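>>> Structure, please.
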Amino acid sequence: MADGFAMTSGPLSLETLQPMTRHILRCRERRVAEASDLLGLDLPRSAYGTASHADRHALWLGPDEWLILAPEPFAATADVWAAIGASFVEVSDRQVALQLSGAGADTCLAGGCPLDLALPAFPIGACARTVFHKAEIIVWRTGSSRFQVEIGRSFAPYVTRLLSQQVQRGRSLAVPT
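Numbering: from 1, shown residues only. Next up is the predicted model:
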């Protein structure tokens, strides 16, 4: 996948997003308040939950796991995280992000994803770890017709190609059998 990829077809557009610092935080419930203080935002504690403060974001991935996004590295060291019993691992080079936007973006993405991405079922701010065809992704609804898709770097060409085909057709593709 080329850096700076962007395409538009009719009402849909697909583009790569600027690089961000990404971390996976693993933390037990009793330490969530301390971790939230270190991050400068309240960690979401339920499925589909997200939290944002300024340009920092926390996406709930599981009962003790979050994807943390920020434009800059965090000041807290590994020793600080270990002191509160948390694991805070940088994964910035592991993932890339695409943005799919426009009328029908939910239908386009749903063509390869088992989640119900309709606005009432997956509201603005919701996120989930799921699959797109055969690739694991994290999908985050950032607007009524806009999604951020976090992908492992090795799967990015595959996912980008499939989404590009759907954007060019302006509709969703059937899930392959």
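>>> Output the contacting helices and strands for the lengthiest helix in the chain.
In the chain, ranked by residue count with DSSP state H as the criterion, the top helix is helix 156-169. On a contact count with 3 or more Cβ pairs under 8 Å, 6 or more residues apart in numbering; DSSP states H and E, helix 156-169 meets strand 6-9, strand 12-16, strand 95-101, helix 105-110, strand 127-132, strand 135-143, strand 146-152. In short, each C-beta sits where N, CA and C put it, glycine included.
>>> Out of these, flag the one nearest Ala35.
The minimum distance between Ala35 and the helices and strands packed on helix 156-169 falls on strand 127-132, with 17.8 Å, by Cβ to Cβ.
>>> helices or strands up against that closest one?
Packed against strand 127-132 by the contact rule (3+ Cβ pairs under 8 Å, 6+ apart) you find strand 56-62, strand 135-143, helix 156-169.
>>> For Phe122, report the pLDDT, please.
According to the prediction, Phe122 has pLDDT 97.
>>> Quick one: low-confidence residue ranges for the protein.
Within the chain, the segments meeting pLDDT under 70 span 1-3, 170-177.
>>> circling back: can you redo the helices and strands packed on strand 127-132 as TSV with mean neighbour count?
Converted to TSV, the helices and strands packed on strand 127-132 look like this (neighbours: other Cβ atoms under 10 Å):
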stretch	mean neighbour count
strand 56-62	20
strand 135-143	19
helix 156-169	18
